[in-house]
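In: generate coordinates for the sequence data below:
(one chain, ligands or ions: 1)
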Amino acid sequence: MYLYPRWIRAWHMINALMFLILIATGLSMQYTDKNSTFYMVGFAMSVRWHNFAAIVLTINYIAFVTGNLISKNGGHYKIKKENFVQDLISQAKFYGFGMFKGEKHPFPVTEKSKFNPLQKITYVFAMYVAFPFLIISGIGLFFPEITIDRFFGVSRLILTDVLHITMGFFLSIFMIIHIYTCTLGRTPFSLFKGMITGYHEHDEEHVD
Ligand code: HEM
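Out: Reported below is the predicted structural model:
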């Protein structure tokens, strides 16, 4: 089944690469001080690479949103209200117990619906909630003069920074869980292969 068009694969490849650079340089900046030896990249280089990767990530994100607005890929991110909670619970039960007992996927992948309910909600949260906050707070740190001076007596830089690192933290946790769930296809590597070739392999052999 052809599920991942070329533009989504290109977006995803750039996104994943920039994200890894942002995590390595972000953590290095966070933990660099004159008494600390725990950092992967020196401070000045971290700042340069973090800024570069953030600009590429932002342009890439605009391409992702535009692509989803003008192509039918955006339809996969629409959440239906009916049976919303029940569907999330059945998918969670499958991840928690069912898959270890060889049960069938409750929401098999189809061309109309490539994400299961849990995938959908986490992708929507990551891409349409956390990502915009991450980018906006990043712009605020890049141009501190455009942010409000004080909010309830707290410095603008502290607030913007806390928002930025919180979103960065959530998205990093998202990425770890995302990579784990991507090993749950027909074989541990089939979903990764799909993101390179564009084709999704059916899961039947894995669950029967
Ligand atoms: C090295 C890091 C990563 C790897 C190996 C990876 C792997 C994958 C794979 C195999 C898929 C296709 C499976 C599926 O979801 O159906 C996928 C889809 C996706 N990934 Fe990742 N991913 C990585 C990082 C990220 C990051 C950092 C984000 C966002 C913060 C992200 C967001 C997404 C989204 C939104 C999709 C669905 C795209 C679509 O079809 O519309 N991924 N990823």
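In: where exactly do the helices run in this protein?
Out: For the chain, the helices defined by DSSP state H cover 6-31, 43-70, 84-96, 117-125, 131-142, 156-181, 190-197, 204-207.
In: mean pLDDT lowest where, among those?
Out: Comparing mean pLDDT over the helices of the chain, the weakest stretch is helix 204-207, at a mean of 47.
In: circling back to that earlier point, the helices of the chain into CSV, with extra columns for distance to Glu111 and mean neighbour count?
Out: C-beta here means a position set from N, CA and C on the backbone, and glycine is covered the same way. Converted to CSV, the helices of the chain look like this (distance: least, Cβ to Cβ, whole Å; neighbours: other Cβ atoms under 10 Å):
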stretch, distance to Glu111, mean neighbour count
helix 6-31, 14, 17
helix 43-70, 16, 15
helix 84-96, 19, 14
helix 117-125, 15, 17
helix 131-142, 26, 18
helix 156-181, 20, 15
helix 190-197, 13, 16
helix 204-207, 16, 13
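In: okay if I get those helices as JSON lines plus distance to the ligand?
Out: Shown next, in JSON lines, are these (distance: least, Cβ to the nearest ligand atom, whole Å):
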{"stretch": "helix 6-31", "distance to the ligand": "4"}
{"stretch": "helix 43-70", "distance to the ligand": "7"}
{"stretch": "helix 84-96", "distance to the ligand": "13"}
{"stretch": "helix 117-125", "distance to the ligand": "4"}
{"stretch": "helix 131-142", "distance to the ligand": "7"}
{"stretch": "helix 156-181", "distance to the ligand": "4"}
{"stretch": "helix 190-197", "distance to the ligand": "4"}
{"stretch": "helix 204-207", "distance to the ligand": "14"}
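In: for Pro108, which of those helices is the nearest?
Out: Taking Cβ to Cβ, helix 204-207 is the member of the helices of the chain nearest to Pro108, at 8.4 Å.
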